[in-house]
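Colleague: Predicted model and sequence follow; I will ask about them next.
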Amino acid sequence: MNRYMITREKIKGQEYLISALYDEKKHMIEVLPEAAGETSLLGNIYVGKVENIVTNLNAAFVKIAPDIRCYLPLSDVKNPVFTRKLSQTKALAAGDELLIFYWLAKAVNFAEYRDDGVDVGMWTTNLTIAGTYAVLTSGNRKKSVSSKVKGEARERLVKLVEQTAGEYGVILRTNAAEASDETVLLELEVLLERYETMAEAAAHKNCYTLVYREEAGWLRHIRDLRKDDLQEIVTDDRGMFEDICSACRIHKQALTTGGSVPVPVDDVMTADGIRIRYYKDPALSLGALYSVRSELKNALSERVWLKSGAYLVIQPTEALTVVDVNTGKNVAKKEMQENFLRVNKEAAEEIARQLRLRNLSGMVLVDFINLTSKSAEEELLKTFRAALQKDPVPAQLIDMTALGLVEVTRKKIKRPLHEIFPDGLGF
């Protein structure tokens, strides 16, 4: 079972909020560093004003502030919610005001627009309100279930989502498989009420208004975790402890004892059986207990050692990420091909973990140690696919090329770790 830890660390004189997921061996498997005071547009909804339409780019430039212009692909304009429409046509036109949603910070090779103050992240008119068990969408009105959900649970959720009515889309998330139908439907009601309240208020707002602010990144991170594999959430910040309890529907009264002199409660359990704990040991900081600094340093290192003595070399580039598997200190001579298969399978498990930990996305090419047997290659690919399936972010093994390189693609959700700390950690 996994544990989730939230603490603060000072890196190069800057304070960072570090929220990270650890496995049962206390190895970091996912991390979200946020600089103190850093504001994020991710998940926010604004009343934007169309500045102009650029036909040859098949895009519009939309302002969400006098000095912030956004790049909006016209292919992402589906069922837009207008707050002010100048023309009689349904198509976007300069001067129109509409709700626009920021769903992904993406590096796009439009340097000339970046220099001109244009945000070329992923902007869309498909407004999205996310919860623990479901996601409500306004543009894409398809009713669906996460592809991660299989078997009887999937059949149950497909029937459930097909019962939902209304001019909006619904995606039931992986966590919905562990929740009752009543719990999922109740959250959908809350999300719909939140969306309708926001849309109604937006109709009376001026352009450039922020009409919906997404939760803090670390709270989103917790919300998006798979609850069936989470044992504990621990933090050394009392305010965050109370915010987490509130997000997990634990009443504020449960955080103090009764009696004439109320005493703060530092340890509670959620309805899902997840322990939420406030850590306050002065002898050992939470960051030291979970080896945050060394785990981050290892996650930025080019070389990753395996228990067998072999090692990985991980090199992100602008076009793709290259991973090389080397035998290193593993010098077993007997049954060499069997040994190579064992090393490759160990490497496959670690590569899947590193992709998630470093948040690497796009195309990944892996150069495993050469195997002469076709059955050994198939066994390796099976192991690799199974390891990638543990990643909550869609990651797909495409194939092995004629040169023996394994192709993998992983969806971009957040910035990779090496972009957050391009010059390392300074320790």
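Modeller: On my side now, so go ahead.
Colleague: in which helix or strand would I find residue 309?
Modeller: Secondary structure assignment for residue 309, by DSSP states H and E: no helix or strand.
Colleague: right, and it touches residue 339 too?
Modeller: No. Using Cβ atoms under 8 Å, residue 309 is not in contact with residue 339; the gap is 10.7 Å. C-beta here means a position set from N, CA and C on the backbone, and glycine is covered the same way.
Colleague: who has more neighbours, those two?
Modeller: Per other Cβ atoms under 10 Å, whichever of residue 309 and residue 339 has more neighbours is residue 339, with 18 against 13.
Colleague: Break down the protein into its helices, ranges please.
Modeller: Per DSSP state H, the chain carries helices over the ranges 111-115, 151-162, 181-202, 217-224, 238-247, 286-289, 292-300, 336-358, 374-388, 417-420.
Colleague: who touches the closest residue to residue 352 other than its chain neighbours in this structure?
Modeller: Nearest residue to residue 352 in three dimensions, chain neighbours excluded: residue 387, at 3.6 Å (Cβ to Cβ, 6 or more residues apart in numbering). Neighbour list for residue 387: 348, 349, 351, 352, 353 [criterion: Cβ atoms under 8 Å, 6 or more residues apart in numbering].
Colleague: can you check residue 399 too?
Modeller: Contact analysis of residue 399 by Cβ under 8 Å, 6+ apart lists 406, 407.
Colleague: ok, it to residue 409 distance?
Modeller: Per Cβ to Cβ, to the nearest Å, residue 399 is found 11 Å from residue 409.
Colleague: low pLDDT regions in this structure?
Modeller: Per-residue confidence for the chain (pLDDT under 70) gives these ranges: 104-121, 259-260, 329-334, 427.
Colleague: Name all residues that make contact with residue 7.
Modeller: 17, 18, 235, 236, 237, 285, 286, 287, 290, 292.
Colleague: ok, 6 Å please
Modeller: Applying Cβ atoms under 6 Å, 6 or more residues apart in numbering to residue 7 gives the contacts 18, 236, 286, 287.
Colleague: Among the residues you listed, name the buried ones.
Modeller: 18, 236, 286, 287 (16 or more other Cβ atoms under 10 Å).
Colleague: count of residues packed around residue 215?
Modeller: The burial count assigned to residue 215 is 14, neighbours taken as other Cβ under 10 Å.
Colleague: Pull out the buried positions in stretch 294-311.
Modeller: Of the residues in stretch 294-311, 295, 296, 298, 299, 300, 304, 306, 308, 310, 311 count as buried by neighbour count, 16+ other Cβ under 10 Å.
Colleague: ditto for stretch 167-175
Modeller: Those would be 168, 169, 170, 171, 172, 173, 174, 175, for stretch 167-175 by 16+ other Cβ under 10 Å.
Colleague: contacting residues around the first one?
Modeller: For residue 168, the contacting residues are 136, 138, by Cβ under 6 Å, 6+ apart.
Colleague: Could you tell me how far it is located from residue 295?
Modeller: Applying Cβ to Cβ, the value for residue 168 to residue 295 is 40 Å.
Colleague: Quickly check the contacts of residue 7 for the two that are furthest apart.
Modeller: 18 and 236 (11.1 Å; Cβ to Cβ).
Colleague: re earlier: any chance of the buried residues of stretch 167-175 in a markdown table, with distance to residue 191 too?
Modeller: A markdown table is the format used below for the buried residues of stretch 167-175 (distance: Cβ to Cβ, whole Å):
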| residue | distance to residue 191 |
| --- | --- |
| 168 | 9 |
| 169 | 11 |
| 170 | 9 |
| 171 | 11 |
| 172 | 12 |
| 173 | 12 |
| 174 | 17 |
| 175 | 14 |
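Colleague: just those residues now: which is nearest residue 27?
Modeller: For these, the minimum distance to residue 27 (Cβ to Cβ) is 21.8 Å, reached by residue 174.
Colleague: okay but that closest one is in contact with residue 146, surely?
Modeller: Yes. Contact between residue 174 and residue 146 holds when scored by Cβ atoms under 6 Å: they sit 4.8 Å apart.
Colleague: got JSON lines for the buried ones among the contacts of residue 7, with distance to residue 137 too?
Modeller: Formatted as JSON lines, the buried ones among the contacts of residue 7 follow (distance: Cβ to Cβ, whole Å):
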{"residue": "18", "distance to residue 137": "31"}
{"residue": "236", "distance to residue 137": "36"}
{"residue": "286", "distance to residue 137": "37"}
{"residue": "287", "distance to residue 137": "38"}
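Colleague: Closest to residue 362 out of the residues you listed?
Modeller: Out of the buried ones among the contacts of residue 7, the member with the shortest distance to residue 362 (by Cβ to Cβ) is residue 18, at 24.7 Å.
Colleague: Can you name the residues that contact residue 307?
Modeller: Taking Cβ under 6 Å, 6+ apart as the definition, residue 307 has no contacts.
Colleague: got the contact list for residue 172?
Modeller: Residue 172 neighbours (Cβ under 6 Å, 6+ apart): 134, 145, 157, 161.
Colleague: And residue 413, by the same measure?
Modeller: Residues in contact with residue 413 (Cβ under 6 Å, 6+ apart) are residue 393.
Colleague: swap the cut-off to 10 Å and go again
Modeller: 42, 103, 104, 105, 224, 359, 361, 392, 393, 394 (Cβ atoms under 10 Å, 6 or more residues apart in numbering).
Colleague: Among the residues you listed, the buried ones, what's the PyMOL command?
Modeller: In PyMOL, this line selects whichever of those come out buried by 16+ other Cβ under 10 Å:
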select buried, resi 42+103+105+224+359+361+392+393
